[in-house]
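Enquirer: curious how this folds, go ahead:
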Amino acid sequence: MNRYAIIVAGGSGSRMGTEIPKQFLEIHHKPVLMHSISRFFDFDNHLQIIVVLPEKQIDFWERLCIKYKFNIPHQIVKGGAERFFSVQNALNTINLEGIVAIHDAVRPLVSQQTIDLAFASAATRGNGIPAISIKDSLRKFNETHNHAVNRSNYKIIQTPQCFKVSDIKKAYFQEYRQEFTDDASVLEYSGAKVYLTEGNNENIKITNPFDLKLAEFLLNS
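Expert: The predicted structure is shown next:
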């Protein structure tokens, strides 16, 4: 079965307070994006890796690959105005049936087990969406009041989200909606059932300076 990984790198440095987009910031001796690509290459070195970048960042990325002697094979695809269109562009480059993983570039600590479980679920059930339990108490609120909710009814969703290629390509034929917060929500709006798999707590999404420090600590550990 053909296997693909789409790694979506469309972030900026705004919440980091840096000029360099967060996927290019260095942790544990190389940029975040290189760690993410390496996780998938280590999982399956025959897997086709597709990296989606804003057009204006492609030259910078290619220079980084030379600087860090990064030679893992990958295809570069130009991103769109929204993540939805970036993923759509990448899916359009896949012409054969198989399983595709769609992953946030700024999740460099995804485990091999998380990737494996998501791929296995997609192979048997059509999709696999990593999720972890919530440890903190939750309260739902609005402008006038708030109340406790049962945290066991909620999950934290991660990536890579894995899909049968034909299913997710069909889902991405839909018109863009603001409700599309991830690829699973795109699939769900098309009428398909979503299946959850086990994620890993270290699989954090780097969005601010604290996350960057935490990722550095975890990689050094």
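Enquirer: relative to residue 31, how far out is the residue lying farthest from the centre of the chain?
Expert: For the chain, the largest distance from the centre (CA atoms, centre = their mean) belongs to residue 144, which lies 35.7 Å off. Between residue 144 and residue 31 the distance, using CB to CB, to the nearest Å, works out to 46 Å. Every C-beta, even on glycine, is put in place using the N, C-alpha and C of the backbone.
Enquirer: can you check residue 108 too?
Expert: Distance, residue 108 to residue 31, using CB to CB: 9 Å.
Enquirer: buried sites along the longest helix belonging to the chain?
Expert: Ranked by number of residues, the top helix in the chain under DSSP state H is helix 112-125. By neighbour count, and taking 16 or more other CB atoms under 10 Å as the criterion, the buried residues in helix 112-125 are 114-115, 117-119, 121-123.
Enquirer: tell me the one of these nearest residue 64?
Expert: Among those, residue 115 lies closest to residue 64 (CB to CB), at 23.6 Å.
Enquirer: so what's the closest one closest to, chain neighbours aside?
Expert: Setting aside the residues directly before and after it, residue 115 is nearest to residue 43 in space (CB to CB, 6 or more residues apart in numbering), at 4.9 Å.
Enquirer: please name the residues that touch that neighbour.
Expert: If a contact means CB atoms under 8 Å, 6 or more residues apart in numbering, then residue 43 has 112, 115-116 as its contacts.
Enquirer: and what of residue 110?
Expert: By CB under 8 Å, 6+ apart, the contact set of residue 110 is 36, 39, 103, 130, 158-160, 200, 203.
Enquirer: what's the closest of those to residue 97?
Expert: Proximity of the contacts of residue 110 to residue 97, judged by CB to CB, is greatest for residue 160, which lies at 18.3 Å.
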